[in-house]
Structure formats: C-alpha cells, structure tokens
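Asker: sequence first, then the predicted structure:
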Amino acid sequence: MRFVWPSLAFVVGLVPLIAPLAPVPHPAMTVASALWIAALVWFAPRKPEWALLLTAPLFAVNNLWAQAITVFVVFTACRRVPRLGRLWALLGIMTLLQTAFNQLQESYRSMPLWESLLGAFLGSIFFVLFPAVSGMLLGRRRPMVRLLQERNEYLERARALTAASARSEERAHIAGEMHDMLGHRLSLISIHAGALELTTATKAPQLHEQAELIRTTSSLAMAELREILGVLRTNPEPESLDEDTGTRSDIADLVDSSGLTAALDWSGEDLHGADPRTRRAVHRVVREALTNVQKHAPQARTRVQVTVQAGRVRLQILNGPSAAGPGQGARRGLIGLEERVGLLGGSFSAGPPIEGGFRVAADLPTHPQSQLPAGAEVAEVPPPLAAEVLTVPRVLGGGCLGLLALLPIAGALIVLLLFALLNPTQMNAPYFDSLKVGVTAEGDIYEQYGVGQLGVDGCSRFVTSHNTDLIYKLCFRDGVLSSKEQERP
C-alpha cells in the first residue's frame, strides 16, 4: 500500500487530459500537478508539516482534480501532528498561501477581488477545515484508546488483587478462629485421653483399648486440623512432613495397609526431590481415594497409578463396580482434595467412568510456583476491551465530519467528469456557417452541441470536426448569439 495511494492520486490528477474543463490548463501543467499531488500523498505520513505547506502551489493551476486530492493530504498530515497550536498555525499559513496562489489563476484574475477572496474562503472550508478537524480527531484516537485500555487493565487487575487479598484475609481469620477454639479443645481432649489411657492400663484394662483409640483419634484430628489451617492460611507454616511422605514407599504402604484388593503401578522417578506440598497432596489424594473405596466398595478391585514425567505427577485411583451398589457420601473429602490440588496449580477430577466403578484423577506440578496458582488472579481479569469497542464512536464521528468535505467534492468532480465526457464539443463547419449573429438562439445551439468548453470570458468553445487545431468561439448575450469567430488553441 506504500505506493498504491500515490499512484492512484497521480491517475486522478491526469483526468483533465481526457475530460478537459475550461479554462483548460496546459498538458504539461496538468502532468506536473499530478506528479506534485502524488508526491505529497507519499510525503504526508513522513513529513506532515511540509506536506501541508506544499499543497499551496497546486492552487495556481486550474486542475480541480489535483486540488481535490489535497483533502486526503490534509487529513493524513493532521493525524500525525501532535501539537494542536503548531497544527493550527500551519493550517492558517497553508490557507493564506492557497489564497495567494489562487490569484495566479486566469479565472481568478478576471474576477473582482472580493469574489476571489470569497471563493478562496469557501474552498478552504472544504479543502482545509473539515479534513483537518476529522484528521485531528482520528489522530488523537489511538493514544487515547491505548491509555483507556491500559487504565482498564490496571483497574481490573487492581480489583482482582483486592478480591484475592480479601479472600486471603478471610481465610487467615477463619484459620485463626479454628486454631484458637478447635485447636485448644482438641489439645485438651488429647491430654485427658493420654491420662485416661495410663489410668485404664492399671485400673481398668478392659477399657484400655477404647482409651487408646480416643487418644490416637484426637491426635489424628489435631494433625488434620493443622493441615486444614495450612490450606486456609496465605503463608502457612511448614507442615510436618517426614522424608517419605508422598514417595513411592509411602504410597505403597498406603495401598498395602488399605485392606483392599489393590495394586500400585508407579512409573517414572520417585518424588524425594519434589516440593513438600506436592508430596503431601499426592499422599492425601491416594489416602482419601482408598478411604472412599473402603467405605463404598470394599470388595472392588482397585488400581493406583502414579506417573511422574516432565515435571508433572499424574495420579489415577480406579476401582471396579461394587456388588453392594454405590454409596451416598457428602463428597466433602473430594471437594477438599480439589481445592488442595487447585491451589498448587493442578487439576482434579472425580466421578464414575463409562465402564462403571469410580475414578479419582489428579495432575500436579512437582514444583509449584506459589501457594496460589500463577494464573488464578489473571483468570479473574476479563480480557481488555477490543479497540473496536472503544473507537467506533470516534471513528464514526470523525468519519462523518470527513464526509462533509469528501462527499461534496467527490460529487462535484463526478458531475464535472460526466459533463466533460458526455458533452459533445465538436461542431461541423456547415453548422457554424449557418449561425447568424443576433438571430440564432443560445438554447438551439446548446440543445444540439451542449455548452462546449466555457472560458473565463463567458464564451463557449467547440472543437471543429474537420480540424482539431481549429476552435469555434461563440459568445451570447440576452439569449442570442452576439459574436462568432474561429481561433487557434
């Protein structure tokens, strides 16, 4: 597109050669003005200030087509001049220069001064004012839209960060309440259960097993409460993990001690070097899944698959259908697993497969980046508004204003082109000889040959049909022929 518009401007500037309008400029001047406007169209995006000023010489040549293209030069240049004061000063100087060059045309020299100045003023409204204002509006659209998009994205991210901060504070508050209330109660239960266990060992041996169960259950409840608090806190304290939690040996012990007909299928390296949070999640997923199988389908065959590959841990615990039918649970354990896995940036799914039974699957990174997934906050930020949404009103406004200049000029040029192409300007010698001064009506000639080429003197000129170098000049007054003569171009 770099040379398309200049080439098109050059072709438009050559229209007077095939459709001349009086007063007809010299062909060399027509070609020169076409080359000039083509150069300005190419020059305008690169040197807009100079392009504006260099449009003035075109108005010294009676090439209306080349002058009309200055509308696009002004529009393009005004889009690229950032300072309004400088731009309006350039437009004022350009208007004065165009008016001065207009006076060099033969048609303007024959007019009274006030008429030529009025014509130049009206012309500057269409050739300068409208395209300049339209270009300024559209030229300032892009930085304003970019600023709006940046502010919109900033506000959306600030909103997401505020929501994330509020959630973190609420979680910390809940964790604190649970630690202060439930933690204290469970600690008391564990202490008294330990004392009860020691007492029953000597005084009531038949209750010793029940006392031991109470102590171990309270200790397990305290450990699970610490895990829940670790999930709720934004910056949890390090969880108490041993070196084997979540490793192959740990998962194998869970499978062996589950009391189920279960098999372990482990592929890939061990998880000794994985993040402790990932190892804890692997342990919890397998343990919860085996617990659910034990509760709802204890007789079903179960397969635990663990695949460690490319920095990811993929778990799948699949059990076959149970003869007793599926049990109804609250799914609170599965919901907790889904949240735990999601906080590490992984994915979790649980449900019955097509072949029956139940399937628990999880996909975790071996080294999660943070407690919250990296994309959690970004996912809450809606995509920025499309440029079209923000700029359509401005484009329509600037486009409608530009049409105020483009449509009248384009319409006038099209009418003049059709008039020049369809107007028969050739007159034969016998008809010219039959014309009588003071008798022949002006309308009779126009009906047969049109108005010809109107000169600045108000007379019509017709090309002869037998000699293209000879022109018939007809002048009229009060609707009748006042003079006729032959002249050379």
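Answerer: Received the coordinates, thanks. Numbering: from 1, shown residues only.
Asker: which intervals of the stretch 251-400 of the chain have sub-threshold pLDDT?
Answerer: 323-332, 370-400 (pLDDT under 70).
Asker: change it to 50
Answerer: Counting by pLDDT under 50, the ranges of the stretch 251-400 of the chain that qualify are 372-381, 385, 387-392.
Asker: do a quick rundown of the helices in it.
Answerer: Under the criterion DSSP state H, counting those that start in this stretch, helices of the stretch 251-400 of the chain are mapped to 276-296, 332-343, 376-380, 387-422.
Asker: neighbouring strands of the helix or strand following the longest one in the sheet, and parallel or not?
Answerer: Going back to what we said before, that points to helix 387-422. Next helix or strand after helix 387-422 toward the C-terminus (DSSP states H and E): strand 426-427. Next to strand 426-427 in the sheet, as set by DSSP bridges, lie strand 460-464 (parallel).
Asker: counting by contacts, list what the very next helix or strand once past the partner strand packs against.
Answerer: Remark: after strand 460-464, the chain's next helix or strand is strand 471-477, criterion DSSP H and E. Helices and strands touching strand 471-477, by 3 or more CB pairs under 8 Å, 6 or more residues apart in numbering; DSSP states H and E, are strand 460-464, strand 480-487. From N, CA and C alone the C-beta is placed, and that goes for glycine too.
Asker: okay, buried residues for the shortest one please.
Answerer: This points to strand 460-464. 460-464 (16 or more other CB atoms under 10 Å).
Asker: chain center to stretch 88-99, what's the gap?
Answerer: 38 Å (CA atoms, centre = their mean, to the nearest Å).
Asker: run through who's touching it.
Answerer: 49, 52-53, 55-56, 59, 74, 78, 81, 117, 120-121, 123-124, 127-128, 132 (CB atoms under 8 Å, 6 or more residues apart in numbering).
Asker: export that stretch to CSV, keeping only CA atoms.
Answerer: Output of stretch 88-99 as CSV, limited to C-alpha atoms (Å, rounded to 0.1, in the frame of the first residue of the first chain):
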residue,chain,number,x,y,z
TRP,A,88,-3.5,25.3,13.6
ALA,A,89,-0.6,27.7,12.8
LEU,A,90,0.4,25.5,9.9
LEU,A,91,-3.2,25.4,8.7
GLY,A,92,-3.5,29.2,8.8
ILE,A,93,-0.3,29.7,6.8
MET,A,94,-1.4,27.0,4.3
THR,A,95,-4.8,28.7,3.8
LEU,A,96,-3.1,32.1,3.2
LEU,A,97,-0.7,30.5,0.7
GLN,A,98,-3.5,28.7,-1.1
THR,A,99,-5.4,32.0,-1.4
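Asker: so how far is E156 from S165?
Answerer: 15 Å (CB to CB, to the nearest Å).
Asker: of those two, who's got more company?
Answerer: E156 (17 against 11; other CB atoms under 10 Å).
Asker: need phi/psi at the more buried one.
Answerer: phi -70, psi -40 (degrees, to the nearest 10).
Asker: would you confirm that R215 contacts S190?
Answerer: Yes - R215 is within contact range of S190, at 6.5 Å (criterion: CB atoms under 8 Å).
Asker: sorry, back to before: I'd like the buried residues of strand 460-464 as TSV, with pLDDT appended.
Answerer: Compiled in TSV, the buried residues of strand 460-464 are given as follows (pLDDT from 0 to 100):
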residue	pLDDT
S460	80
R461	79
F462	80
V463	77
T464	79
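Asker: closest one to L474 out of the residues you listed, please.
Answerer: L474 has its nearest neighbour among the buried residues of strand 460-464 in S460, at 5.1 Å by CB to CB.
Asker: setting aside sequence neighbours, what's the nearest residue to the closest one?
Answerer: G452 (3.9 Å; CB to CB, 6 or more residues apart in numbering).
Asker: likewise for V437?
Answerer: L481 (5.4 Å).
Asker: now do the one you found, the pLDDT please.
Answerer: In the predicted model, L481 carries a pLDDT score of 88.
Asker: C78 and L137 touch, don't they?
Answerer: No - with contacts defined as CB under 8 Å, C78 does not count as touching L137, sitting 9.1 Å away.
Asker: what about these two, which has more around it?
Answerer: C78 (26 against 18).
Asker: check which helix or strand covers the nearest residue to the more buried one once chain neighbours are set aside.
Answerer: Nearest non-adjacent residue to C78, counting by CB to CB, 6+ apart: G135, 3.2 Å away. Taking DSSP H and E as the definition, one finds G135 inside helix 130-139.
Asker: just the CA atoms of that helix, as CSV, please.
Answerer: The C-alpha atoms that make up helix 130-139 are tabulated as CSV, following Å, rounded to 0.1, in the frame of the first residue of the first chain:
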residue,chain,number,x,y,z
PHE,A,130,-13.3,19.7,7.5
PRO,A,131,-10.5,17.2,6.7
ALA,A,132,-8.2,18.9,9.3
VAL,A,133,-10.7,18.5,12.1
SER,A,134,-11.5,15.0,11.0
GLY,A,135,-7.8,14.1,10.9
MET,A,136,-7.2,15.6,14.3
LEU,A,137,-10.0,13.6,15.9
LEU,A,138,-8.8,10.3,14.4
GLY,A,139,-5.2,11.1,15.0
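Asker: and that helix, what does it pack onto?
Answerer: Looks like helix 130-139 contacts helix 64-78, helix 84-102, helix 387-422 (3+ CB pairs under 8 Å, 6+ apart).
Asker: what angle do the first one and helix 84-102 make?
Answerer: What it means is helix 64-78. Orientation check (axes from the mean of the first three to the mean of the last three CA atoms, to 10 degrees): helix 64-78 against helix 84-102 gives 170 degrees.
Asker: same question for helix 64-78, mean pLDDT?
Answerer: 81.
Asker: that helix packs against which elements?
Answerer: Counting by 3+ CB pairs under 8 Å, 6+ apart, helix 64-78 packs on helix 4-13, helix 15-18, helix 27-43, helix 48-53, helix 84-102, helix 130-139, helix 387-422.
Asker: if you set the cut-off to 7 Å instead, what comes out?
Answerer: Helix 64-78 sits against helix 4-13, helix 27-43, helix 48-53, helix 130-139, helix 387-422, with contacts defined as 3 or more CB pairs under 7 Å, 6 or more residues apart in numbering; DSSP states H and E.
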